[in-house]
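K.L.:
Turn this into a structure:
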Amino acid sequence: MTVKNGEERRNKLLGILSRAEEPISGSRLSKMLNVSRQVIVTDIALLRTSHPDLIATSTGYVLMGASGCRRIFKVNHTDEQLGDELKSIVDLGGTILDVFIEHRVYGTIRKPLNICSRRDVGRFMEDIGTGVSTPLKNITHGYHYHTVEARSPEVLDEIQNMLREKGYLISTSDAPTYYEPKKYNQ
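P.N.:
Numbers count the residues shown, from 1 in each chain. I've put the predicted structure just below:
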């Protein structure tokens, strides 16, 4: 295949991922573009050099910046409520990009999550459930932040309202100041 065909294929690949509502597996992409899965893996690697928002999840590839709508939510809940919080966000169409805390000594500690489905929530909960590790939020008495991405500001508003209704959403004035990063005040 010539370079021109490769460029056209990668542009088509970006188009498919930008319109996708959920991650698409490499196998599915290879069938859609009539190439081998290895070609898709190579194309993804090439695309990621200029598109760092193109990520691999456990269920496939996703272009995270496709929606352009992101919001940071400050939350607090128990370990028992963790699964409910995550499922509630993905059920409304949100993708939980990360979790982070503000530690008094270590500063901001951030972990990418990229949870966009109940299956992802289940896998995450299984990993946490092994007991080998504890949720990051436990370092700061439950106070933590999530960057959530959705297709529209209206979906983010729905997520915010749901988090408030369930008592998970925290206003910046309700948390101890040492859990409050200055740049994320809302």
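K.L.:
Give me the neighbour count for the closest residue to residue 57 other than its chain neighbours.
P.N.:
Using C-beta to C-beta, 6 or more residues apart in numbering and skipping residues adjacent in sequence, the residue nearest residue 57 is residue 23, 4.7 Å away. Yep, even glycine has a C-beta here, placed from its N, CA and C like the rest. Neighbour count of residue 23, defined by other C-beta atoms under 10 Å: 22.
K.L.:
ok, residue 23 - contacts?
P.N.:
Each residue near residue 23 by C-beta atoms under 8 Å, 6 or more residues apart in numbering is listed here: 57, 59-62, 116-117.
K.L.:
Could you identify the most distant pair in the residues you listed?
P.N.:
Spatial extent of these (C-beta to C-beta) is set by the pair 61 and 117 at 13.8 Å.
K.L.:
With neighbour numbers in mind, choose between the two.
P.N.:
With neighbours defined as other C-beta under 10 Å, residue 61 and residue 117 compare such that residue 61 has more, 24 against 17.
K.L.:
That one sits in which helix or strand?
P.N.:
For residue 61, the host element (DSSP states H and E) is strand 60-63.
K.L.:
so where do the strands sit in this protein?
P.N.:
54-57, 60-63, 69-75, 95-103, 107-115, 144-150 (DSSP state E).
K.L.:
got the angle for the third one vs strand 95-103?
P.N.:
When you say that, I think you mean strand 69-75. 50 degrees (axes from the mean of the first three to the mean of the last three C-alpha atoms, to 10 degrees).
K.L.:
my read: residue 111 touches residue 100, true?
P.N.:
Yes. Contact status for residue 111 versus residue 100: in contact at 7.1 Å, counting by C-beta atoms under 8 Å.
K.L.:
list residues touching both of the two?
P.N.:
With C-beta under 8 Å, 6+ apart as the test, residue 111 and residue 100 both reach residue 136.
K.L.:
Look at these two and report which has more neighbours.
P.N.:
When residue 111 and residue 100 are compared for neighbours, residue 100 comes out ahead with 19 against 10, by other C-beta under 10 Å.
K.L.:
Now for the nearest residue to the more buried one once chain neighbours are set aside, how many residues are close by?
P.N.:
Leaving aside its sequence neighbours, residue 100 sits nearest to residue 110 (C-beta to C-beta, 6+ apart; 3.8 Å). Per other C-beta under 10 Å, the neighbour tally for residue 110 reads 15.
K.L.:
who's in contact with residue 110?
P.N.:
Residue 110 neighbours (C-beta under 8 Å, 6+ apart): 98-100.
K.L.:
Over to residue 97?
P.N.:
Residue 97 neighbours (C-beta under 8 Å, 6+ apart): 64, 70, 112-114, 146-149.
K.L.:
Alright, that wraps it up for me.
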